[in-house]
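Q: only geometry, no sequence info:
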């Protein structure tokens, strides 16, 4: 199952901690281009897939999912709060995060990406960091220092806006690909499809 971090949003460029109150936290023009480029890469890499796109409930993920789904011509699922980012341990315990992610992952299966069906989950950096740490058997979602600002330096596990990761195995805990973002490298993001 493929997981994507949302495109660049206002909080990423302004150094804001957007958390879960995000009425004004929309994608930037760069974020829109990142979303289009990721979708074009998925379409070109997996041309026979019929896509289901899941998003968190936050605006930046929903907007990313809508853009990606338009390019993929898939099925955009109802936003799911279980894959939503909350501002770290200050609001939610790691146990609570693990429980809700496990519930979401339990509904996904390897069948979600077999045959001609593809599943893309548009979520957030902290959620992806936690999934990586869990898959590696680490207790914490960040391997090295994380700043207090969401947009700040986040360490070795940082996931790029518009980057794509893949998890497999029975519980989607096996890391298959981490933070692929070569599809975003271009001299001008306005060149997005």
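A: Perfect, thanks for sending it. Remember, predicted model here, so these are calculated numbers, not experimental data. Numbering: from 1, shown residues only.
Q: and the next helix or strand past the lengthiest helix in the chain?
A: Longest helix in the chain by number of residues (criterion: DSSP state H): helix 29-45. Under the assignment DSSP states H and E, the closest C-terminal helix or strand after helix 29-45 is strand 50-55.
Q: packing partners for that next one?
A: helix 59-72, strand 75-76, strand 117-123 (3 or more C-beta pairs under 8 Å, 6 or more residues apart in numbering; DSSP states H and E). Every residue, glycine included, has its C-beta placed from N, CA and C.
Q: buried ones in the longest one?
A: Spelled out, that is helix 59-72. 59-65, 67-69, 71-72 (16 or more other C-beta atoms under 10 Å).
Q: ditto for stretch 44-58
A: Within stretch 44-58, judged by 16+ other C-beta under 10 Å, the buried ones are 46, 49, 51-58.
Q: contacts for that stretch?
A: 6, 18, 20, 22, 25, 42, 61-62, 64-65, 68-69, 72-77, 79-81, 83-85, 112, 116-124, 127 (C-beta atoms under 8 Å, 6 or more residues apart in numbering).
Q: any idea of the mean pLDDT for that stretch?
A: Mean per-residue pLDDT for stretch 44-58: 92.
Q: returning to that earlier point: want to throw the buried residues of stretch 44-58 into JSON lines with distance to residue 31?
A: Formatted as JSON lines, those follow (distance: C-beta to C-beta, whole Å):
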{"residue": "46", "distance to residue 31": "23"}
{"residue": "49", "distance to residue 31": "24"}
{"residue": "51", "distance to residue 31": "20"}
{"residue": "52", "distance to residue 31": "22"}
{"residue": "53", "distance to residue 31": "16"}
{"residue": "54", "distance to residue 31": "19"}
{"residue": "55", "distance to residue 31": "14"}
{"residue": "56", "distance to residue 31": "15"}
{"residue": "57", "distance to residue 31": "17"}
{"residue": "58", "distance to residue 31": "13"}
